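Peer 1: Just need the structure, nothing else, for what follows:
(one chain, ligands or ions: 1)
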Amino acid sequence: MTTQHIIVMGAGLMGLCTADALEERGAAVTVIDARSGPCEGTSFSNSGMIHPSQAKSWGPQTQKRRLKSDIEAELYAASVTVDLGERSKTILLAKMEQLGFPERASGCLQILPDLDTARAIQASQKAIGVRTEVIMDPIDSFGLPACRYPDDRSGDARLFGCALEKDLSKRGVEFVYDAKDVRLRRDETGFRLNAGGVIFSCDQLVITAGTGSPDLLSQLDVRMILTNISGAAVDFPLPNEQDDFPSCPVMDTQSRSALTIFSDRLRLSGGWGLTDPAELVARWIEIAPGLMSRLGKPLSTWTSKRPVSPVGRPYISPTSIPGLWVNTGHGHMGWTLCAGSGELLAEMMLEGREDKRFAFAG
Ligand SMILES: Cc1cc2nc3c(=O)[nH]c(=O)nc-3n(C[C@H](O)[C@H](O)[C@H](O)COP(=O)(O)OP(=O)(O)OC[C@H]3O[C@@H](n4cnc5c(N)ncnc54)[C@H](O)[C@@H]3O)c2cc1C
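Peer 2: Okay, the predicted model is just below:
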């Protein structure tokens with residue numbers, strides 16, 4: 001058998017996990033990115049939750065009037081995303097252990113306006129196979145009604161991505177950074193890429209370029225629509241006294257943001273269409289005034305856009321062009337789904353697996 005040479009466009013979580021799964025299956029892989037290192041796009045500063053529990057779409061289709069068929073399609077998208085999320089979580093946790101990341105407390109929490117809403121969410125989560133407990137805990141949920149998802153996990157996505165990139169480099173995966181204006185075209189045997197005058201060719205090409213994916217695909221006359229939805233993050237140094245800090249990440253339903261404690265920082269992040277990090281701080285002062293009053297000056301602020309597919313689940317799929325594949329559109333679920341998405345795509349590309357659950361029609 002000849003070795004397949006595969007180029008992966010994008011060194012975010014999706015590109016790195018795809019490269020990992022392809023290399024494990026014997027491919028020679030090159031990863032190309034416009035930025036100067038791994039995880040510098042949307043994967044840079046996320047909330048760190050590995051949360052299959054949040055598989056239901058956050059839009060954009062939930063904004064419009066919903067017909068029965070829309071609701072059925074949303075339910076289907078959510079349940080296949082939960083399945084992939086659970087598989088992904090298993091692979092991701094094993095990979096984190098292998099790369100030396102310490103185990104973190106399990107679970108994620110979601111604050112809700114009242115106990116009735118929490119119970120209604122518990123029932124709807126059951127329908128897609130998500131284990132949920134309704135709680136009201138003085139520390140973990142700041143005394144507010146909440147759903148607790150004991151099967152969710154968390155971890156620092158960017159640190160993981162950087163460690164995985166190092167590991168992949170040792171295993172022979174080539175990384176090309178600062179490739180600002182890559183031109184793509186098909187040739188007789190596969191694809192030819194021009195990155196600032198340097199020519200690369202490959203048998204198969206994977207687009208994992210997040211919000212940049214539609215532009216790259218359009219060079220090959222493939223049309224993909226993604227809605228790019230902004231979010232933000234504010235990082236604070238950890239105070240010495242942490243006795244009353246929640247034991248796992250806490251989500252706020254109203255602002256679609258989360259408070260996550262990492263080993264060296266506390267992060268407020270999220271928002272759906274939010275571009276001003278100060279709004280996150282204001283909202284978390286309302287939720288947790290005691291904790292927030294003990295934080296010092298922010299270490300950093302950040303804004304970014306999530307690549308969101310319009311079908312309520314990602315595109316992990318072949319395209320109409322033989323040898324051209326996509327793995328993008330993961331929205332608010334990209335950290336949760338990255339390892340499973342990479343594995344699924346690699347199985348389709350190299351092992352002949354057929355799976356239409358995450359099909360892309362372009
Ligand atoms: C505030 C916030 C909080 C979040 N919290 C969570 C969470 O708790 N849990 C969770 O599961 N998910 C979360 N997410 C979602 C998750 O972070 C994203 O889904 C994920 O990072 C997307 O990864 P990606 O690899 O597809 O995109 P990216 O990380 O953006 O990677 C794409 C890469 O492609 C490169 N690229 C683009 N265009 C080109 C081009 N033309 N040529 C070369 N390179 C190109 C970019 O430079 C980039 O490095 C959050 C997102 C945000 C914004």
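
Peer 1: The ligand versus the residue nearest to residue 246 when sequence neighbours are not counted, what's the distance?
Peer 2: The shortest distance from residue 246 to any non-neighbouring residue, by Cβ to Cβ, 6 or more residues apart in numbering, is to residue 140 (4.7 Å). The way it works is simple: take the backbone N, C-alpha and C, and place the C-beta from them, glycine included. According to Cβ to the nearest ligand atom, to the nearest Å, residue 140 stands 17 Å off from the ligand.

Peer 1: tell me which strands and helices the helix or strand where residue 280 lies is in contact with?
Peer 2: Here residue 280 sits within helix 277-287, counting by DSSP states H and E. Helix 277-287 sits against strand 227-237, strand 250-252, strand 257-261, strand 265-270, helix 289-293, strand 300-308, with contacts defined as 3 or more Cβ pairs under 8 Å, 6 or more residues apart in numbering; DSSP states H and E.

Peer 1: now stretch 284-294: how far from the chain's centre is it?
Peer 2: Relative to its parent chain, stretch 284-294 has a centroid offset of 27 Å by Cα atoms, centre = their mean, to the nearest Å.

Peer 1: That one near the ligand anywhere?
Peer 2: No - using Cβ under 6 Å from any ligand atom, stretch 284-294 stays clear of the ligand, with a minimum separation of 13.7 Å.

Peer 1: what about that stretch, start to end distance?
Peer 2: Taking Cα to Cα, to the nearest Å as the measure, stretch 284-294 stretches 13 Å from start to finish.

Peer 1: Same question for stretch 249-267.
Peer 2: For stretch 249-267, the first-to-last residue distance is 10 Å (Cα to Cα).

Peer 1: What are the buried residues along that stretch?
Peer 2: Applying a neighbour-count criterion of 16 or more other Cβ atoms under 10 Å, one finds 249-252, 255-262, 266-267 buried in stretch 249-267.

Peer 1: Just give me the closest of the residues you listed to the ligand.
Peer 2: The ligand has its nearest neighbour among the buried residues of stretch 249-267 in residue 258, at 6.2 Å by Cβ to the nearest ligand atom.

Peer 1: returning to that earlier point: list the residues that contact the residue nearest to residue 246.
Peer 2: Taking Cβ atoms under 8 Å, 6 or more residues apart in numbering, we find residue 140 in contact with 109, 146, 148, 246-248, 250.

Peer 1: all helices for the stretch 1-150 of the chain, in order.
Peer 2: Applying DSSP state H, counting those that start in this stretch to the stretch 1-150 of the chain gives helices spanning 13-24, 68-98, 115-127.

Peer 1: still on that earlier bit, using neighbour counts, pick out the buried residues of the helix holding residue 280.
Peer 2: Judged by neighbour count (16+ other Cβ under 10 Å), helix 277-287 contains these buried residues: 277, 279-281, 283-284, 287.
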